[in-house]
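Engineer: heads up, no residue letters with this:
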DNA sequence: CAATTCTCCGCAACCGATTGTGCAATCAGT
DNA sequence: ACTGATTGCACAATCGGTTGCGGAGAATTG
């Protein structure tokens, strides 16, 4: 079984009494080669299971058919969903994916970027770490004419194609829905001020409130630095102890929402009757807890697919393809944590 | 910035008036080359940022420095943790990882296996799909002298290094602990009969019971085909309605345990006072639900690291390294779903 | 029948690094 | 000073495809 020596063009040429170049062209159905010869070669190749040596082909063409994917964390629902999308589209088009984690650290991001550069990937898809504020380490890719596509966590000023989720509209939908269900005093546990996602979600919240002519009270807004369950719990307590507590809480993240629900259950405050809760991200846990958690679904898979499409387009069509920004919509998922009229 | 033409050995040789071979050897500090020349070349290389063309090197050496990783699902806590371990160890040793999903389908597994073969990876780590019962499609790797390491979901008969978790001891510890805390009537919601994990966990359960001279009643054992929350819920109801209901339930999976807890809460049966519950896998959700879920932790990360170590050893030392089987211990994690004495 | 055009295929360079072999110059030994 | 060993480097083949160019022979044309 074990072929000592992988079959090469040379072998076929010798066996068939042809030149190596003829065999090469025949396998590609080159017009210069007669149909008979093409058939002869192809049949022989098939019969003897010829597979071109990818290393040689890649070397010659200066292509690896590998694309790099840099993400903050691998063990993470959202990101692994993105990866899944990238994988599908890339494999479908004959590309392999080299995955690297930045662990949300700039230093690691730089390190893997170098590694990818050395690996001579044909292109890179990157979701920036939280620490990343400039893109000097990524410019090297463009200098080396390796296309880059940014996904989800991006830097606007870095001129590459981008794929992001519409946080604003997701948040707007959520709050708009809450109000539509009769909630009036909607609070928002938001994320950090310097994170774009957080700001966009806050903007969605604010504009929905405004649209319905509801006041935005300072007391109803808290910043979750870490976006943990604990923060949700703590801020829920603070808010519910206000003279005029909110009757709905829109959270920047499902985990925060979980903390909120935790507190409410402890205090025997009924969800959704007394207080409505909506999270963001559509984590698995939302379907598992009781009451099930309403949330905003971010299309991670589609994000990955789209980013890959853009990248492959760049790779194959070069500078002729413009650096567009694709914004995918987030979907509101209604479950039991909000009243149904 | 953009170097039109990447610097090559030839360029350096021309510039320095040396032969290409001398430059090549100098960069590797070959003993045949004088220290002066070595310094000269290395300095020049450093100054002009010479990086060897990986494609050429790989082609020459017939190595890709890529390893393939085939797993059933990417969006999955346990598997993504394994990936994380593989990634860390591989990157650390200068290897890239090509990740492929089998989606738990044999057909997909065959497809990606072919793709990896064509990509000429240096080795493969695989966790088999649920549908995989023979390994004919994997033998091709060995025929092509590409080392394979099996991880977690394995076929014993397929002669490769293997890395698995000790399901038996994990289960034994769990049940032993339950009994130690005073539970006597321990039930087990197990997985399918043809799945090795399930059988091992069941064996751990059975032996722990036996060890403590407790009877194993048929009524206390149910098979969860899908290992869903719903099954947990259903079987918990069945069991709690027995004339003599169990006072503890050991579940094949956290998700099943969740369904059990769900039912118990509905019926107002106190956990852990009246019934103790332990799951398996240590999913995130276990820390999130109330009471928090005791479980058995499978060291996914270490699994990935170890598998990669074995693979790289195979790759670099060939057949001189034997096909050992590494069994990693699972740790019992005690949380609030069992009584604490 | 000679001139021209087509068909079909072989020759050889090439991509960039690696490596076996050979040769000139230096050095030690008697 | 002559032989033999050692040092330091260059030459050239090689890995397996790809591709520009050129040429022999058949077919077409005037």
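Structural biologist: All right, it came through fine. All of these numbers come straight from a predicted model, not from anything done at the bench.
Engineer: mind checking how far residue A:211 is from residue B:267?
Structural biologist: Taking Cβ to Cβ, to the nearest Å as the criterion, residue A:211 is separated from residue B:267 by 45 Å. (Glycine included, C-beta is placed from N, CA and C.)
Engineer: Same check on residue A:49?
Structural biologist: Distance, residue A:49 to residue B:267, by Cβ to Cβ: 63 Å.
Engineer: Tell me which of the two has more neighbours.
Structural biologist: Legend: neighbour count by other Cβ atoms under 10 Å in any protein chain shown for residue A:49 and residue B:267, higher for residue B:267 (14 against 9).
Engineer: And the pLDDT at the residue in chain A that DNA strand D sits nearest to?
Structural biologist: Proximity to DNA strand D, evaluated over chain A using Cβ to the nearest atom of the strand, is greatest for residue A:21 at 2.7 Å. On the pLDDT scale, residue A:21 is placed at 95.
Engineer: what element comes up after the helix or strand hosting it heading to the C-terminus?
Structural biologist: Taking DSSP states H and E as the definition, residue A:21 sits inside helix A:20-27. Per DSSP H and E, the first helix or strand lying C-terminal to helix A:20-27 is helix A:35-47.
Engineer: That next one versus helix A:20-27: what angle between them?
Structural biologist: Taking axes from the mean of the first three to the mean of the last three Cα atoms, to 10 degrees, one finds helix A:35-47 and helix A:20-27 inclined to each other by 90 degrees.
Engineer: and helix A:35-47, is it in reach of DNA strand C?
Structural biologist: Yes - interface with DNA strand C: helix A:35-47 contributes A:35-37 (Cβ under 7 Å from any atom of the strand).
Engineer: how about that helix, does it get close to chain B?
Structural biologist: No - for a cut-off given as Cβ under 8 Å from any Cβ of the partner chain, helix A:35-47 has no contacts with chain B; the smallest distance is 14.3 Å.
Engineer: So which other helices or strands are in contact with that helix?
Structural biologist: helix A:9-16, helix A:20-27 (3 or more Cβ pairs under 8 Å, 6 or more residues apart in numbering or on different chains; DSSP states H and E).
Engineer: I'd like to check the angle between the helix holding residue A:21 and helix A:9-16, please.
Structural biologist: Per the same axes, to 10 degrees, the angle that helix A:20-27 makes with helix A:9-16 is 90 degrees.
Engineer: quick one: helix A:20-27 near chain B?
Structural biologist: No - counting by Cβ under 8 Å from any Cβ, no contacts exist between helix A:20-27 and chain B, the nearest distance being 14.8 Å.
Engineer: in that helix, what counts as buried?
Structural biologist: Buried positions in helix A:20-27, judged by neighbour count with 16 or more other Cβ atoms under 10 Å in any protein chain shown: A:22-27.
Engineer: Same check on stretch A:116-132?
Structural biologist: Residues A:116-117, A:119-129, A:132 are the ones in stretch A:116-132 that count as buried (16+ other Cβ under 10 Å).
Engineer: pLDDT wise, what is the most centrally placed residue in chain A at?
Structural biologist: Most central in chain A under Cα atoms, centre = their mean is residue A:82, positioned 3.7 Å from the mean C-alpha point. Residue A:82 carries a pLDDT value of 98.
Engineer: The residue lying closest to it once chain neighbours are set aside sits in which helix or strand?
Structural biologist: For residue A:82, ignoring the flanking residues on the chain, the nearest one in space by Cβ to Cβ, 6 or more residues apart in numbering or on different chains is residue A:304 at 4.2 Å. Using DSSP H and E, residue A:304 falls within helix A:300-317.
Engineer: any bit of that helix sitting next to DNA strand D?
Structural biologist: No - for a cut-off given as Cβ under 7 Å from any atom of the strand, helix A:300-317 has no contacts with DNA strand D; the smallest distance is 14.5 Å.
Engineer: Residues in contact with stretch A:179-190: which ones?
Structural biologist: Stretch A:179-190 has contacts (Cβ atoms under 8 Å, 6 or more residues apart in numbering or on different chains) with A:175, A:178, A:198, A:201-202, A:205, A:208-209, A:212, A:214, A:217, A:220-224, A:231-232, A:235-236, A:239, A:244-252, A:256, A:260, A:276, A:338-341.
Engineer: And the closest residue to chain B within the stretch 201-341 of chain A, how far from residue B:148?
Structural biologist: Nearest residue of the stretch 201-341 of chain A to chain B: residue A:285, at 5.5 Å (Cβ to the nearest Cβ). For residue A:285, the distance to residue B:148 equals 36 Å [Cβ to Cβ].
Engineer: shouldn't the residue of the stretch 201-341 of chain A closest to chain B be in contact with residue B:288?
Structural biologist: Yes - between residue A:285 and residue B:288 there is a contact under Cβ atoms under 8 Å: 5.9 Å.
Engineer: Show me whatever sits in contact with both of the two.
Structural biologist: Contacts common to residue A:285 and residue B:288, judged by Cβ under 8 Å, 6+ apart, are residue A:258.
Engineer: neighbour count winner among these two?
Structural biologist: When neighbours are counted by other Cβ under 10 Å, residue A:285 and residue B:288 differ, and residue A:285 comes out ahead with 23 against 18.
Engineer: Please read off the pLDDT at the nearest residue to that one once chain neighbours are set aside from the model.
Structural biologist: Spatial nearest neighbour of residue A:285, excluding adjacent residues (Cβ to Cβ, 6+ apart): residue B:285 at 5.5 Å. Here, the pLDDT recorded for residue B:285 equals 88.
Engineer: Check the spacing between residue B:285 and residue B:258 real quick.
Structural biologist: As judged by Cβ to Cβ, residue B:285 and residue B:258 stand 7 Å apart.
Engineer: swap in residue A:143?
Structural biologist: Note on residue A:143: its distance to residue B:258, by Cβ to Cβ, is 51 Å.
Engineer: Please, a ChimeraX command that selects the buried ones among the residues of helix A:35-47 next to DNA strand C?
Structural biologist: Only the buried members of the residues of helix A:35-47 next to DNA strand C enter the following ChimeraX selection, criterion being 16+ other Cβ under 10 Å:
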select /A:37
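Engineer: Reformat the residues of helix A:35-47 next to DNA strand C as CSV; add pLDDT.
Structural biologist: CSV is the format used below for the residues of helix A:35-47 next to DNA strand C (pLDDT from 0 to 100):
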residue, pLDDT
A:35, 94
A:36, 93
A:37, 94
